[in-house]
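> output the structure for:
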Amino acid sequence: MARARQIAELILQGFRKHFKLFQNVTAKAKQRFELADWRAYQQDSSERISFYDQRVAETVAELKQAMPSDCLNEPLWQQVKQQYLEYLLFHPQAELAETFYNSVFCRLFSRKYYHNQNIFVESTLNLQHLPAPISSVYQSYFPAQDGLKQSIRNIVADFAFATPFINLERDIRLIVKSFVSQSEHGRYPVHQIRFDMLKSVFFRNKAAYIVGRVVTPDGQQPFIIPLLHQQGAGLYLDTLLTEPQHMSIIFGFSRAYFMVQCPVPSALVHFLRELLPHKTLAELYASIGLHKQGKTEFYRELLSHLTRTNDQFVAAPGIRGMVMMVFTLPSFPYVFKVIRDKFAPSKEFDRATVKARYLLVKKHDRVGRMADTLEYSDVALPKNRFTAELLQELSETIGQSMQIEDDLIVIKHLYIERRMVPLNIYLEQADEPEKAFIMNDYGKAIKEMIAANIFPGDMLLKNFGVTRHKRVVFYDYDEVQYLLDVNFRAFTKTDNFEDAINAEANCCAAPGDVFPEQIATFVTPQPHLRHLLFSKHPELLDAAYWRAKQQAIRAGKVEDIFPYPDNLRFCLRYANYDTVPEADND
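Residues are numbered from 1 along each chain as shown. From the prediction side, this is the model:
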């Protein structure tokens, strides 16, 4: 038993080190925001994603050094798990510590040992008795006591930003004016309103978000205040968001993870889930930067779903990819992507390059336009849940990445993404107003990605999807690269059609050369869709536009890309922005 205790303590020690370092780098986000040090923030955000794997590797190395070889036996490790359980009884990050244990175990043992006697396939965290009550993560404010205006002032003041506000009193008036103008809340007197605000600020990119809820006799709704930093001037409150849809997009799967302090993650996640009941635990853990816990929760959701359903995996709808084989379970809103054994001749790169590009996107700012991916190894799925047609296609395309073990299909390396309607299929079914809206958003998606130093490479419509919020999101990363690594060129200008065709045909292109004019030919061959796109975004055909974006990135510019509509921003919404009058019931 002493050996089991020693092993359990070493693993828990590794987890404590990981979580401390994770919290330390997360805590820097407030200072980065106050100093408008956006590049340093981006570096912290990217590096933090690798922290978990680094600590797991360190812990495994320490265990191997500390343990004799005979310690890798199942009976001993079942004792280790029981000992570890005792340490987690009132642990504030119990669910995260379980996942860390699983990761260490899975580095030491083969897949046949991955069952609930040895690891935490099922969590022992009792959701009815969390390590701390949900109320521990938020502070309540009562307008009945102080009035709406003072309550907002108190909320902002409690976060103690070091950088001064440009005009906080103006911003507070705008928050109150916006709040009372919404019929959902305007009909309630102040004594029937309560604000519950999370104690930690949510930082992402160039914004900080004060997140909470407004509680009325009718229930609760989000209450979110985005803060921005006008460099050289100070801070300002940009808008007020109370619609669940806006909150859902802010916490969406196509955005970078938040930097947010969370000493008791389960309590924070359950507060968020009360406001976003359609979001899964996996999505919410990932959104606050705990993406490894998100993977654990997702796998549990998948196992639970498989026990409750009986439909079969089928090939995903749409045009087959040349690099990835993609399949899906119709009743489950995700797609499963496996790298093919052989690529099409036009894909002049290897498997390692594909994996590196998916990691690049994982660690980058996805600006709401690139789907997050969950990456797994040795995933076992029931063979009887695969159609015969799909099994045949998988054996022909990814045979080197899968094996059949009795009644299981084991996939060695797998990416999982939220399922969307492929853009080309969506357009086939859309009416004219929808086509115009979606093609405009497709152009916006490309512009926002390149502003974030991402060149999608293959911009064909089939490589983009449409979300339930009608947003266009990119999901095929095998040709992704940094915008700065591309050489944008223009064809020789001529008024003669034949000369133009000959110039394009005879133009010598070096590796890394891209001719934006070709977007019109290859991406949108249909004249009607081409017109819809380039009537709104003609710049995309101009090599000078792309080079200007590169120059801005080289100069250190980080563009503003807002996860909420521009027409909600106070500076654009109110003509008298600087002199907005007091609300009627301050």
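> which residues touch Ala543?
488-490, 515-517 (Cβ atoms under 8 Å, 6 or more residues apart in numbering). From N, CA and C alone the C-beta is placed, and that goes for glycine too.
> tell me how far it lies from Phe491.
As judged by Cβ to Cβ, to the nearest Å, Ala543 and Phe491 stand 9 Å apart.
> tell me the domain ranges of the chain?
The record's domain parsing of the chain by automatic domain parsing lists 2-113, 134-304, 311-349+368-419, 423-563.
> low-confidence stretches in the stretch 351-500 of the chain?
493-500 (pLDDT under 70).
> now a PyMOL select for only the buried ones of the contacts of Ala543.
Listed next is the PyMOL selection for buried residues among the contacts of Ala543, using 16 or more other Cβ atoms under 10 Å:
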select buried, resi 488+489+515+516+517
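> just the contacts of Ala543: which are in strands?
If you go by DSSP state E, the contacts of Ala543 have Phe488 in strands.
> want to throw the contacts of Ala543 into JSON lines with distance to Lys292?
Shown next, in JSON lines, are the contacts of Ala543 (distance: Cβ to Cβ, whole Å):
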{"residue": "Phe488", "distance to Lys292": "38"}
{"residue": "Arg489", "distance to Lys292": "42"}
{"residue": "Ala490", "distance to Lys292": "45"}
{"residue": "Phe515", "distance to Lys292": "41"}
{"residue": "Pro516", "distance to Lys292": "39"}
{"residue": "Glu517", "distance to Lys292": "44"}
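> with respect to Pro456, which of the contacts of Ala543 is nearest?
Within the contacts of Ala543, proximity to Pro456 (Cβ to Cβ) peaks at Pro516, which comes in at 12.7 Å.
> next one: the spatially closest residue to Leu63 that is not a sequence neighbour from Tyr84, what distance?
Nearest residue to Leu63, sequence neighbours excluded (Cβ to Cβ, 6 or more residues apart in numbering): Leu10, at 5.7 Å. Counting by Cβ to Cβ, the separation of Leu10 from Tyr84 is 10 Å.
> so these two - more neighbours on which side?
Tyr84 (24 against 19; other Cβ atoms under 10 Å).
> wait, isn't the more buried one in contact with Ala8?
Yes - judged on Cβ atoms under 8 Å, Tyr84 makes contact with Ala8 at a distance of 4.3 Å.
> related to what we said a few turns ago, shared neighbours of Ala543 and Phe491, anything?
By Cβ under 8 Å, 6+ apart, the residues touching both Ala543 and Phe491 are 515, 517.
> my guess is Leu228 contacts Asp238, does it?
Yes - contact criterion Cβ under 8 Å: Leu228 and Asp238 qualify, at 4.9 Å.
> where in the protein is pLDDT low?
Counting by pLDDT under 70, the ranges of the chain that qualify are 126-130, 183-187, 493-509, 580-586.
> so which helix or strand takes in the nearest residue to Leu529 once chain neighbours are set aside?
Sequence neighbours aside, Met439 is the residue nearest to Leu529 in space, at 6.0 Å (criterion: Cβ to Cβ, 6+ apart). Using DSSP states H and E, the element containing Met439 is helix 432-451.
> cool, and Tyr564?
For Tyr564, there is no enclosing helix or strand under DSSP H and E.
> number of nearby residues for the closest residue to it other than its chain neighbours?
Leaving aside its chain neighbours, Tyr564 sits nearest to His246 (5.3 Å; criterion: Cβ to Cβ, 6+ apart). Counted with other Cβ under 10 Å, the neighbours of His246 add up to 19.
> ok, His246 - contacts?
Taking Cβ under 8 Å, 6+ apart, we find His246 in contact with 222, 224, 564, 568.
> buried sites along the top helix by length along the chain?
Identified as the longest helix of the chain according to DSSP state H is helix 2-35. For helix 2-35, burial by neighbour count (16+ other Cβ under 10 Å) applies to 3-4, 6-8, 10-12, 14-15, 18-19, 22, 25-26, 28-30, 32-34.
> and the helix or strand following it, which residues are buried?
Note on helix 2-35: by DSSP H and E, the next helix or strand toward the C-terminus is helix 38-48. Going by neighbour count (16+ other Cβ under 10 Å), the buried part of helix 38-48 is 38, 41-42, 44-45, 48.
> can you list the residues that contact whichever helix or strand comes after helix 38-48?
As assigned by DSSP H and E, the chain's next helix or strand after helix 38-48 is helix 51-66. Helix 51-66 has contacts (Cβ under 8 Å, 6+ apart) with 6-7, 10-11, 13-15, 17-18, 21-22, 25, 100, 103-104, 107-108, 292.
> from the contacts of His246, which would you call buried?
Buried by 16+ other Cβ under 10 Å: 222, 224, 564, 568, out of those.
> taking those one by one, which sit in strands?
Using DSSP E, these in strands are 222, 224.
> kindly reformat the buried ones among the contacts of His246 as a markdown table and extend each row with distance to Tyr577.
Listed next are the buried ones among the contacts of His246 as a markdown table, based on distance: Cβ to Cβ, whole Å:
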| residue | distance to Tyr577 |
| --- | --- |
| Pro222 | 24 |
| Ile224 | 20 |
| Tyr564 | 17 |
| Leu568 | 13 |
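> out of the buried ones among the contacts of His246, which is nearest to Arg300?
Within those, the smallest distance to Arg300 is 26.5 Å, found for Pro222 (Cβ to Cβ).
> which residues touch stretch 292-312?
Here stretch 292-312 makes contact (Cβ under 8 Å, 6+ apart) with 52, 95-96, 98-99, 102-103, 121-123, 265, 280-286, 329-332, 374-376, 381-382, 384-387, 390, 416.
> kindly recompute the last result at 6 Å.
The contact list for stretch 292-312, computed with Cβ atoms under 6 Å, 6 or more residues apart in numbering, reads 52, 96, 99, 280-282, 285-286, 330-332, 374, 385, 387.
> in it, what's buried?
292-302, 306, 312.
> what about Lys342, which SS state?
Following DSSP: H, G, I helix; E, B strand; the rest coil, we place Lys342 in the coil state.
> can you tell me the closest non-neighbouring residue to Val354?
Leaving aside its sequence neighbours, Val354 sits nearest to Asp478 (Cβ to Cβ, 6+ apart; 5.0 Å).
> isn't the one you found up against Thr353?
No - look at Asp478 against Thr353 with Cβ atoms under 6 Å: they stay out of range, at 7.9 Å.
> just want to know which of the two has more residues nearby.
Using other Cβ under 10 Å, the more surrounded residue of Asp478 and Thr353 is Asp478, with 20 against 15.
> re earlier: quick one: which of the buried ones among the contacts of His246 is nearest to Ile193?
Distances from Ile193 to the buried ones among the contacts of His246, taken by Cβ to Cβ, are shortest for Pro222, at 14.2 Å.
> what's the burial count for the nearest residue to that closest one once chain neighbours are set aside?
Once flanking residues are discounted, Pro222 sits nearest to Met247: 4.2 Å by Cβ to Cβ, 6+ apart. By other Cβ under 10 Å, 24 other residues sit near Met247.
> SS state for Val326?
Secondary structure, three-state DSSP: Val326 is strand.
> picking that back up, in helices, which of the buried residues of stretch 292-312 fall?
Secondary structure defined by DSSP H assigns 292-302, 306 of the buried residues of stretch 292-312 to helices.
> of the residues you listed, closest to Gln261?
Lowest distance from Gln261 to these (Cβ to Cβ) belongs to Gln293, with 15.7 Å.
> now the closest one, nearest residue through space, not along the chain?
Nearest to Gln293 is Tyr285, by Cβ to Cβ, 6+ apart, at 4.3 Å.
> mind listing what the one you found touches?
Counting by Cβ under 6 Å, 6+ apart, Tyr285 makes contact with 269, 293-294, 297.
> SS state for it?
Of the three states, Tyr285 takes helix according to three-state DSSP.
> that concludes my questions; thank you for your assistance.
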